[in-house]
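Peer 1: Just to be clear, the model below is a prediction. Sequence and coordinates:
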Amino acid sequence: MKNLTALFISLLFLLSVSGCNVQDFEQPSIENYGMVGVMGFDVAEDGYMNVTVTLPQPEMDAETKVQKYTTTVKSPHRAIMEASTKSEKLLSTAQLRVILFSEEFAKEVGVWEVLENLYRDPRVGTNSFIAVVKGSTEELLSGEYKDKPNINRYLNQLLKPTTITAFSPFTTIHHFIRHVTSQVSDALAPYIEKTGDSIQITKVALFKGSKMVSTIEREEAKIIESIKRNRKTSDISYEIQEDGRGSGEEAVLVLNFIRSKRDVKTNGDPVNPEIHVYLYIAGSVVDYTGDYNLDVEGERHILEDKLSKEIEAKLSDSIQQFQELGIDPLALGDYFRMKDRGEWSKEYWNDIFSRAEITVHVEPRITSTGTIY
C-alpha cells in the first residue's frame, strides 16, 4: 500500500513538473510575432552578408512606418534570429513578400544559396518576389518615399505584374528557381533603383546560373516574354526613323491592347544548329508623333514595315548578346530539344545555342488607329 501511495505521489509530481514546462514553452500569441515583409542582401567581408529586414511598425504613434534591422550573418535565417534579439517581437518569415539582392551580391556571390535556404522554409510563400537593386539594398530600404505606402507594401505592389510593367511570374522565388534549375532556359529578374522619392523598375537583370551577368532594357524584355509564350502584353514604345517624310526625325509610336503569337522552328542539328523565330504582334495606336497618315492603308503598311525592322534589329542584337553570354532567357532550348536525340544537359544546350544561326521575323499589325481616323 505504501508503495502504491509513493508511486501515486511521484506521478503527480511528474505531471505537475511537465505541466509547468509546457506552460513555459508554449507558442507565443500572434500579437507577439513580427512579420518580416522584405529581406535585402548586401555583400560583407569574409563570406558574410549584410541582411536588412523590414516589418510593419505596430505602434501607431511611432515616428517611422516600419521597423528595420540590419545584421551581418552567413545565412538568411540566422539574420531573422539575430534581428529578433533587437526587436520586442519574435520575427517570422510567414509574410515575406519581397527578396532583394544588391547588384554586387547578385554578380559576385550569386543568389542560389539564399534562395535555396528560403525556399525550403515552409513558412516562406512561393510567390515572394525577387529583384536586383542598383547600389545597396540597405540604403534603398532606408530611403524616405513621400506620398508612398510603407516600404513593404510599396515594393510588393511595385513588383507585381501589371499592364504597364508586364513582368511575369518568373520574378517569384518559385519561377526563378525553376529557371535556374532548367536545362533549356535562364532566369530574369526586375532591376530597380532609387530615383528621387521613388523606386523605379529601370531594367531587367540577366542571370547565368545563379549569378547576374548583364541587363536589358524593359522594351526588350517585353518582346522576349512575347516569344516565350502566346499572350497579351503591355504597351510597347519604339522610336522609328522616318527618312524622306517631313523633318526625317525619329517618330515615337506606342501600341497598346497588344496580342502576340509566336512560332519557333529548329532543324534539331547540334552540329549546324538553325533556329527561326517568328513573332506576330497586333495592337492599337495610342501615340504617334510622325508624319504618316494612318488613315491611309498604304502609309499604315509602310509604318508597320518600319516597326517590323526596328523590332527585328533590337531583338537580333539581344539574341547576339545572349549568345555571347551563353544564356537563353528566351527558352529556345525547349523547341530544339524536341528534335535533338542527344544526351541533354544545360552545358550541352549552352554550347549549341552559342553557335546557332538564329533568324527573327517580326510581323506587327495595327488593328486600330483610334477614334480620330
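Peer 2: Arrived safely, thanks for sending.
Peer 1: Show the residue spans covered by the helices in the chain.
Peer 2: Counting by DSSP state H, the chain has helices at residues 2-24, 76-84, 103-104, 112-119, 137-142, 151-159, 173-180, 218-228, 297-325, 333-337, 346-355.
Peer 1: Of all those, which one comes closest to Tyr191?
Peer 2: Taking Cβ to Cβ, helix 103-104 is the member of these nearest to Tyr191, at 7.7 Å. C-beta: built from backbone N, CA, C; applies to glycine.
Peer 1: Pull the residues that contact that closest one.
Peer 2: Here helix 103-104 makes contact (Cβ atoms under 8 Å, 6 or more residues apart in numbering) with Asp42, Val43, Val132, Val133, Lys134, Gly135, Tyr191, Ala205, Met212.
Peer 1: Those, buried ones only, as a ChimeraX selection?
Peer 2: Buried members of the contacts of helix 103-104, defined by 16 or more other Cβ atoms under 10 Å, are picked up in ChimeraX with:
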select :42,43,132,133,134,191,205,212
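Peer 1: Report the contact partners of Lys86.
Peer 2: Lys86 neighbours (Cβ under 8 Å, 6+ apart): Tyr69.
Peer 1: And it, how far from Thr72?
Peer 2: Relative to Thr72, Lys86 is positioned 13 Å away (Cβ to Cβ, to the nearest Å).
Peer 1: What of Tyr119?
Peer 2: 23 Å.
Peer 1: Just the C-alphas of stretch 116-129, formatted as PDB.
Peer 2: What follows is stretch 116-129, C-alpha atoms only, in PDB (Å, rounded to 0.1, in the frame of the first residue of the first chain):
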ATOM      1  CA  GLU A 116      17.500  27.700 -51.600                       C
ATOM      2  CA  ASN A 117      17.500  28.200 -47.900                       C
ATOM      3  CA  LEU A 118      14.400  30.400 -48.000                       C
ATOM      4  CA  TYR A 119      12.600  28.100 -50.400                       C
ATOM      5  CA  ARG A 120      13.000  25.100 -48.100                       C
ATOM      6  CA  ASP A 121      11.300  27.100 -45.300                       C
ATOM      7  CA  PRO A 122       7.600  26.100 -45.500                       C
ATOM      8  CA  ARG A 123       6.700  29.500 -44.000                       C
ATOM      9  CA  VAL A 124       8.000  31.400 -47.000                       C
ATOM     10  CA  GLY A 125       5.500  31.700 -49.800                       C
ATOM     11  CA  THR A 126       6.400  30.600 -53.300                       C
ATOM     12  CA  ASN A 127       5.100  33.900 -54.600                       C
ATOM     13  CA  SER A 128       7.600  36.100 -52.900                       C
ATOM     14  CA  PHE A 129       9.000  38.500 -55.400                       C
END
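Peer 1: Right, I'll leave it there.
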